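Colleague: Predicted structure and sequence below. I'll ask about it afterward.
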Amino acid sequence: MSNTKTLNVVIFGIGNVGSTLINQIQAAKAQLLSQQQLNIQIPIVTNSTLAFYNEFGIENAWHSNFEKASIPYKIKDIVDFVKSHHFQNLIAIDATASKDFVQNYVSLIENGFHIISANKVANTLSFEFYEQLRLTLKKHNKSFLYETNVGAGLPVIETIKRLYDSGEQIKKIRGVFSGSLSFIFNRFSSENVLFSDILIQAKQLGLTEPDAREDLSGTDVARKLLILARELHIKTELHDVQIESLVPKNLNGKTTLHQFYSRQKELDVPFQERKQNLMENQVLRYVGELDVTKKSLEVKLVSEEKHSAIGQLKGADSVFEIYSESYQDFPLVIQGAGAGKHVTARGLFSDIVKLSSSLN
Ligand SMILES: NC(=O)C1=CN([C@@H]2O[C@H](COP(=O)(O)OP(=O)(O)OC[C@H]3O[C@@H](n4cnc5c(N)ncnc54)[C@H](OP(=O)(O)O)[C@@H]3O)[C@@H](O)[C@H]2O)C=CC1
Ligand SMILES: N[C@@H](CC=O)C(=O)O
């Protein structure tokens, strides 16, 4: 009898992260099969409106096949397809940033899917939704993994969970939670460059959210803080996070995304002024802080000493300093690339492999 375990992975969202994940899975297929007896098939890939199906699993030329043969879909079509082929070990990957897509989670779970998500929305809607989702997962014996929600490929959620589950009292988590804002402020503080030019580069590198205002407004960092707070069983909501938004009022929600991108030069003057106010030994950093004792969550732009751990950050690195009973004076530090399609896709891939160990 063959010991090979087959997983059927449906990928929703084939932008920066989703398409990189597909390529990583295709590249690792032979190794997974020979070393771990794991066969990962991808029978369906979708964007927001179109789906491409191959009951035998997509091939390396999936992208051009998608261009040629994808068709409009609804979630019911996806469910009908996997049912008609009696696929087992179903995993839905949410590589979208969509608020609408998370409304499909319950129906996917009820129809046999485990969920692995890079999208932070499901964990940051109301606490009622958060709890209901977990009840649905329990009822249907399904898993929900979302390590990439905080720190992309870094093992932040797993570490926090392990500490919490082993009774460690976590007191504070502080750091630079956003890879894109890290990249932007690391360069803006040390180089003679326009803020808007760095923002464009961060977007081109796939570091920002599809709508970069999610990063600049502090919402993305606030979501990450909220996700960590909820891991620590703090019952709190997104609107409880105290946020310093970096989007000027005239460029916020009332402008379209297109208008925002065409007017982003308007960001240059206010940020230049902010930079001029820095002392010689200071840099700008966008910092998140969760004070567990006070149950307070805050994100803000600060002037940080150049030689501090946060002040020394480079590239798109994030850093998470975890202060707890056992790590009081010298925090446990997790640092590394906090955004980017390769690290994020690898984080999703490692969630798939982790989930596979609990499947038959
Ligand atoms: N980039 C990074 O460094 C990191 C990203 N993430 C998260 O990963 C997710 C994806 O980011 P990224 O790949 O950069 O985003 P992209 O904008 O590059 O891709 C988004 C994809 O999602 C699709 N999509 C949008 N709405 C829906 C929907 N309702 N149903 C199905 N598909 C949909 C889009 O399709 P269409 O083209 O048709 O709109 C597109 O294919 C985000 O949630 C982000 O927060 C997490 C950690 C790090
Ligand atoms: N836009 C996010 C991407 C990862 O979550 C960030 O910059 O950190």
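Modeller: Okay, I see it. Ligands and ions are numbered 1, 2, ... in the order given.

Colleague: which residue packs closest to the spatially most central residue of the chain, ignoring adjacent ones?
Modeller: Centrality entry for the chain: nearest residue to the mean C-alpha point is residue 149, 3.4 Å, by Cα atoms, centre = their mean. In space, not counting the residues next to it along the chain, residue 149 is nearest to residue 120; the distance is 4.8 Å by Cβ to Cβ, 6 or more residues apart in numbering. All C-beta spots, glycine's among them, are computed from the backbone N, C-alpha and C.

Colleague: Could you tell me how many residues sit around that neighbour?
Modeller: The local packing of residue 120 (other Cβ atoms under 10 Å) involves 23 other residues.

Colleague: Make sure I have this right: it is in a strand.
Modeller: No: the assignment for residue 120 is coil, going by DSSP: H, G, I helix; E, B strand; the rest coil, so no strand is present there.

Colleague: residues touching it, list them.
Modeller: For residue 120, the contact set (Cβ atoms under 8 Å, 6 or more residues apart in numbering) comprises 146, 149, 220, 223, 224, 227.

Colleague: gap between the helix or strand hosting the fifth one and the chain center?
Modeller: Residue 224 belongs to helix 219-231 when elements are defined using DSSP states H and E. In terms of Cα atoms, centre = their mean, to the nearest Å, the centre of helix 219-231 is set 11 Å apart from its chain centre.

Colleague: Could I get the buried residue list for it?
Modeller: Residues of helix 219-231 classed as buried: 219-231 (neighbour count, 16 or more other Cβ atoms under 10 Å).

Colleague: again with stretch 229-248
Modeller: By neighbour count with 16+ other Cβ under 10 Å, stretch 229-248 contains the buried residues 229-232, 234, 236-238, 241, 243, 245-247.

Colleague: Report the contact partners of residue 194.
Modeller: When the contact criterion is Cβ under 8 Å, 6+ apart, the partners of residue 194 are 265, 268.

Colleague: and what of residue 73?
Modeller: 46, 49, 50, 51.

Colleague: Surely the second one is in contact with residue 74?
Modeller: The one in question is residue 49. No: under the contact definition of Cβ atoms under 8 Å, residue 49 does not touch residue 74, with a separation of 10.0 Å.

Colleague: Need the per-residue pLDDT for residue 246.
Modeller: Residue 246 is assigned 94 on the pLDDT scale.

Colleague: do the same with residue 111
Modeller: Residue 111 is assigned 98 on the pLDDT scale.

Colleague: again with residue 253
Modeller: The predicted local confidence for residue 253 comes out at a pLDDT of 68.

Colleague: just so I have it, where are all the strands in this structure?
Modeller: Counting by DSSP state E, the chain has these strands, from start to end: 5-12, 38-46, 50-53, 71-72, 90-94, 113-117, 144-145, 170-176, 242-243, 282-291, 296-305, 317-324, 332-337.

Colleague: and those strands as JSON lines, adding distance to ligand 2?
Modeller: Rendered in JSON lines, the data for the strands of the chain read as follows (distance: least, Cβ to the nearest ligand atom, whole Å):
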{"stretch": "strand 5-12", "distance to ligand 2": "17"}
{"stretch": "strand 38-46", "distance to ligand 2": "21"}
{"stretch": "strand 50-53", "distance to ligand 2": "25"}
{"stretch": "strand 71-72", "distance to ligand 2": "29"}
{"stretch": "strand 90-94", "distance to ligand 2": "13"}
{"stretch": "strand 113-117", "distance to ligand 2": "12"}
{"stretch": "strand 144-145", "distance to ligand 2": "15"}
{"stretch": "strand 170-176", "distance to ligand 2": "9"}
{"stretch": "strand 242-243", "distance to ligand 2": "15"}
{"stretch": "strand 282-291", "distance to ligand 2": "10"}
{"stretch": "strand 296-305", "distance to ligand 2": "12"}
{"stretch": "strand 317-324", "distance to ligand 2": "7"}
{"stretch": "strand 332-337", "distance to ligand 2": "10"}
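
Colleague: Tell me the residues on the stretch 101-250 of the chain that lie near ligand 1, please.
Modeller: Proximity of the stretch 101-250 of the chain to ligand 1 is confined to 101, 118, 119, 120, 148, 152, 179, 206, 207, 209, 210 under the rule Cβ under 6 Å from any ligand atom.

Colleague: Show me which of the residues you listed is closest to residue 131.
Modeller: residue 120 (17.1 Å; Cβ to Cβ).

Colleague: before we move on, back to that, compare the contacts of residue 73 and tell me which has the most neighbours.
Modeller: Once you tally neighbours by other Cβ under 10 Å, residue 46 ends up highest among these, having 24 neighbours.
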